[in-house]
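In: Sequence first, then the predicted structure, then my questions.
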Amino acid sequence: MKKRIATLLLIFSTIVYAAAQDKYATKSGSIVFDASVPSFEAIKAENQQVSAILNVETGQFAVLALIQGFRFDIALMEEHFNENYMESEDYPKAIFKGVISDFSKENLKTEPMSYTLDGSISMHGEEKPMQIPLEISKQGEAIKINTAFLLFPEDFEIDVPKVVGNKIAKEVSIQADLILNQ
Amino acid sequence: MKKYIVLLFLFFFASGTVIGYRMLTKAHRNIAEEVPVFELNATGLAELFNSGNSEQVMDKTVVVSGVISEIGPSYLLVENGVQCSFPENSINLRTGDTVKIKGRCIGYDDLFDLVKLDQCSLISYMP
């Protein structure tokens, strides 16, 4: 009887232990947003409090960035970004989530490997399905995920007034640098 | 008559330039110097968000108090409910310390159920 209980406990604790092992996460990831146009003022901001969770068993991946967390060098630019473009009072978050195709933790190396996130981006009240290219590598005990892609303000109903049209890039570059730990 | 018109025009032009310049070079808010709109413990702050009253604190300065539950690169968690970001490498505290932190509320993180504050400064601590 005692032996059976001991065995059951061992199996149970292994399952629980294994379950806890499948999530890698960060609360301080970085996303850089750049909408600069050459020879005009740089429009660039960084958010260093990005949250992300990766489930290494299922490949599910979610990233959340608070719009207010994007810091610009120029205060006025930050104000316009929040009040006029992103309307962050009404839409405070940007979320990208989906499943990383063919993800396998065992295959990860210290050199980055290319993967695709099959999912969507939600921002400014709009959700757009997207295939996002990811570069994933092992960094010690952590998993490092980098990505760089372009977004179009019009896809998210973000109005760029014609007056400033030529000072803001039509395609906005997004770069994320996430180091996920268990 | 013409002289006055030219002078008037120059005055408006000069004022416009000064106003424009000052707007462009306006400094960021100094959160550490602002008077907080609320002083709460971590649970109280999370409650504000969960009860749909977030506009009372969004983009505003608050002071949150509680025990440090986690320390990460340039941030710490208070009572697993509030994440406070500090300028790089400036955190000299330990988990278990009781703290009072002033910061700007930037929103609620659904992935970890955390209220996030940035531009934080330490008001007081008790080891």
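Out: Great, that's in hand.

In: burial of residue 112, as a residue count?
Out: Just so you know, I chose chain A. Taking other CB atoms under 10 Å in any protein chain shown as the criterion, the count of residues near residue A:112 is 15. Bear in mind the C-beta positions are built from the backbone N, C-alpha and C, glycine included.

In: Correction: the question concerned chain B.
Out: That count, for residue B:112 with other CB under 10 Å as the rule, works out to 17.

In: Assumed it was part of a strand.
Out: No. Residue state for residue B:112 (DSSP: H, G, I helix; E, B strand; the rest coil) corresponds to coil; a strand is not indicated.

In: partners of the residue nearest to it when sequence neighbours are not counted in the sheet?
Out: Closest residue to residue B:112 apart from its sequence neighbours, by CB to CB, 6 or more residues apart in numbering or on different chains: residue A:51 at 5.8 Å. Residue A:51 has the following beta-bridge partners by DSSP bridges: residue A:64.

In: For chain A, just list every one of the strands.
Out: All strands of chain A, identified by DSSP state E, fall at A:23-34, A:44-55, A:60-66, A:71-72, A:93-100, A:113-123, A:126-139, A:142-151, A:172-180.

In: For residue B:96, which of those strands is the nearest?
Out: strand A:23-34 (18.9 Å; CB to CB).

In: buried stuff in that closest one?
Out: Of the residues in strand A:23-34, A:24-34 count as buried by neighbour count, 16 or more other CB atoms under 10 Å in any protein chain shown.

In: And stretch A:99-109, by the same measure?
Out: A:100, A:103, A:108.

In: That one spans what distance, first to last residue?
Out: 20 Å (CA to CA, to the nearest Å).

In: Tell me which residues touch the residue nearest the centre of chain A, please.
Out: Central residue of chain A (CA atoms, centre = their mean): residue A:63, 3.7 Å from the mean position. Contact analysis of residue A:63 by CB atoms under 8 Å, 6 or more residues apart in numbering or on different chains lists A:29, A:31, A:50-52, A:95-97, A:176, A:178.

In: likewise residue A:52?
Out: Taking CB under 8 Å, 6+ apart, one finds A:25-26, A:29, A:61-64, A:145, A:178, A:180, B:111 in contact with residue A:52.

In: Report the residue spans of chain A with pLDDT below the cut-off.
Out: Counting by pLDDT under 70, chain A shows low-confidence ranges at A:6-7, A:9-20.
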